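Participant: pasted the sequence and its predicted model underneath.
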Amino acid sequence: MDDLLGYRLLIADVYELAGESRRTSEAMAREVGHSAARWHVLSVVSDGPRTVASAARRLGLTRQSVQRVVDDLVAAGQLELRTNPDHVRAPLVGLTGEGAATLDRLVRRSDADRGELLRRAGVGRAELDQARGVLRRLLGALHEPPTG
């Protein structure tokens, strides 16, 4: 029972941290004329082109909501659609040079803010790596089919 209570409290804290992070991200994104949703999509395709469905899964959002943001970013010259050799009807979405520059500005602005947050909290890399390890193990178990 203690483990289950610990899990529920961890998840509540993760949700609270994610919510606060989204609010501050939204404010930072507005400073450079974007939204957090646009920032998140730019970020998720920054490690290489992917389909809208893949981006949506990574962000935990519906494909339709990500498609709307992708369409806006393509129209703004921040993203481009590329031919997908694996699926003709699902193009790959990739950053343009302008999109990469926008993402760089957002990340630099965020790094300054988040660096100050970590300093105030007294949290360092080792603690962050440990916390991330726990979260990754939980995520891995959630993605596995239950045994028994």
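Facilitator: Perfect, I can see it now. Residues are numbered from 1 along each chain as shown.

Participant: how many neighbours does residue 144 have?
Facilitator: Using other Cβ atoms under 10 Å, the number of residues around residue 144 comes to 8. Every residue, glycine included, has its C-beta placed from N, CA and C.

Participant: from residue 138, how far out is it?
Facilitator: 11 Å (Cβ to Cβ, to the nearest Å).

Participant: quick check: phi and psi at residue 90.
Facilitator: Main-chain torsions, residue 90, degrees, to the nearest 10: phi -120, psi 90.

Participant: residue 81 too?
Facilitator: Dihedral angles (degrees, to the nearest 10) for residue 81: phi -100, psi 140.

Participant: check contacts around it.
Facilitator: By Cβ atoms under 8 Å, 6 or more residues apart in numbering, the contact list for residue 81 reads 74, 91-93.

Participant: which SSE is the spatially most central residue of the chain in?
Facilitator: With distances taken as Cα atoms, centre = their mean, residue 40 lies nearest the centre of the chain, 5.0 Å away. Mapping residue 40 onto the secondary structure by DSSP states H and E places it in helix 36-44.

Participant: and that helix, what does it pack onto?
Facilitator: Using 3 or more Cβ pairs under 8 Å, 6 or more residues apart in numbering; DSSP states H and E, the elements in contact with helix 36-44 are helix 2-31, helix 52-59, helix 63-75, helix 97-121.

Participant: low pLDDT regions in this protein?
Facilitator: Along the chain, segments meeting pLDDT under 70 span 148.

Participant: sorry, back to before: now do the helix holding residue 40 and helix 63-75, the angle between them.
Facilitator: 80 degrees (axes from the mean of the first three to the mean of the last three Cα atoms, to 10 degrees).

Participant: so how far is helix 36-44 off the chain centroid?
Facilitator: 7 Å (Cα atoms, centre = their mean, to the nearest Å).

Participant: show residues contacting that helix.
Facilitator: Against helix 36-44 from outside (Cβ under 8 Å, 6+ apart): 22, 25-26, 29, 50, 55, 58-59, 65-66, 69-70, 72-73, 78-79, 95, 99, 102-103, 106.
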